[in-house]
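J.: 3D model of this:
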Amino acid sequence: MALTERSYERLRAADCASEIAYVQACLRLFFAARSGAAPGDASGLSVTNVTDIARLNKVATFILKVLSSAPANGPPAQLSQWLDAYRRKTVSMNASCIMDSMAIQAALRDRQIDFVFLKGPFQQHLLYDDHFMKPSGDVDILVAPGGFFRAREALRSIGYEIAGKSRSVWWVRFLGEQHMIRGDGPTQSTVDLHYRLQQPGSPSPRDADGFLRRKRQVEITGVEVPFTSVADTLLLSCISVAKALFNREPCAGYVCDVRASADRLDEAEQQRLLDAAAAQGLDDTLLLGLRAADVLLGGADTLLSQRAARILSRIGNEDLLNMVIAPWLSSLRWPQRRTVLWELCGRAPVRYLAEAGWAASADISRRIFERQGSP
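T.: A predicted model of the protein is given here:
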């Protein structure tokens, strides 16, 4: 569902072009690894708008790291204080997420359930050598469809229960996931248990179990945990970008993950990724994420960037940039969702009709669920 909050209304009413450009400049400097470079004069900017843009896109720590190495006459004190507080909150949140993850992995392994962790602090450490780049409020895990109910029972054995909203057919059948929670208040722990990896309205992987087969083991606090392969981490980040654009939500944080993942691949690995994405039916989803990264962070002279230039070519770079970082702008010319789905399905009529039919069924189910939940 599209994100709606007061910050959107405030940013929509404001002329925040300078603040958007400032955040983008910080992100480009982060990936350019230019220590000591400054993104420009921030004295005339609205600190509130900058922090809202950074928070909504989950890129505040990227900005903090850039400004920490900038000259002494850097950002306004109010911005520095907000970024420091955001970082501390992120550290606290992600530390809890890591501890929850270790308990979850022990419960699933005890029952010999095949699973893999998705996103979260583990991915942040693998991409940025820092577990605390972006706040992670829940633990995402993927299991095979046949292991879904067993995994759910394993989580129940350590105190998790299904969140009320995710009991519906829409969640289990169409989203292919359920939220499970333990505790309440500030100590509440949430798990997103998946057996699918995409929402209706954008293409799903043809072989979700392949993400389990290709998993790697990474060491966390002396314990090996299963995580997605390098190539699959990139594919999943592109899926997150497509999902966010479908819902018209800010996604610069996901786009940063796309670039950080792609930077780790040599040309031979890039070609293997393109082939693997095509086999999964995600080649155009991959290219969309890569083009978004080039628009936000600057083009890369790579095989992936060369291939990405063609995707959704009717959308100009400026519009795509704002769709990624500032989707609240009233001036944006959004393409119809069915047009984007047609492109991401490779303009293949049979696949498009199948995905569009699935999306229509899901929408009917969601509306029924919302009507039943209303007073």
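J.: which outside residues touch stretch 177-197?
T.: Defining contact as C-beta atoms under 8 Å, 6 or more residues apart in numbering, one finds that stretch 177-197 is touched by 96, 100, 104, 118, 137-145, 147-148, 151-152, 155-156, 158-163, 165-167, 171-172, 175-176, 204-205, 208, 211, 236, 239. For every residue, glycine as well, the C-beta is placed using N, CA and C.
J.: mind redoing it with 7 Å?
T.: 100, 104, 137-145, 148, 151-152, 155, 159-163, 166, 171-172, 175-176, 204-205, 208, 211, 236, 239 (C-beta atoms under 7 Å, 6 or more residues apart in numbering).
J.: swap in stretch 9-25?
T.: Residues contacting stretch 9-25 (C-beta under 7 Å, 6+ apart): 39-40, 42, 45-46, 49-50, 52-54, 59, 63, 296, 325-326, 328-330.
J.: now swap in stretch 161-171 and tell me
T.: Glu177, Gln178, His179, Met180, Ile181, Ala362, Ser365, Arg366, Phe369.
J.: Only the buried subset of those residues, as a ChimeraX command please.
T.: To isolate the buried ones among these in ChimeraX, judged by 16 or more other C-beta atoms under 10 Å, type:
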select :177,178,179,180,181,362,365,366,369
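J.: Greatest separation within the contacts of stretch 161-171: which pair is it?
T.: Farthest apart among these by C-beta to C-beta are Ile181 and Ala362. That separation is 23.5 Å.
J.: Check the contacts of stretch 161-171 for the minimum pLDDT and say which it is.
T.: The member of those with the lowest pLDDT is Phe369, at 66.
J.: quick one on the thing from earlier: mind listing which of the contacts of stretch 177-197 are in helices?
T.: Applying DSSP state H to those, the entries found in helices are Asp100, Ile104, Phe148, Ala151, Arg152, Leu155, Phe211, Leu236, Ile239.
J.: could you flag which of these are buried?
T.: By 16+ other C-beta under 10 Å, the ones in helices among the contacts of stretch 177-197 give Asp100, Ile104, Phe148, Ala151, Arg152, Leu155, Phe211, Leu236, Ile239 as buried.
J.: would a markdown table of those with pLDDT and distance to Trp342 be doable?
T.: Formatted as a markdown table, these follow (pLDDT from 0 to 100; distance: C-beta to C-beta, whole Å):
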| residue | pLDDT | distance to Trp342 |
| --- | --- | --- |
| Asp100 | 95 | 40 |
| Ile104 | 96 | 38 |
| Phe148 | 95 | 31 |
| Ala151 | 97 | 35 |
| Arg152 | 96 | 36 |
| Leu155 | 97 | 38 |
| Phe211 | 95 | 26 |
| Leu236 | 95 | 23 |
| Ile239 | 94 | 18 |
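J.: I believe Val218 is in a strand; please confirm or correct that.
T.: Yes - judged by DSSP: H, G, I helix; E, B strand; the rest coil, Val218 forms part of a strand.
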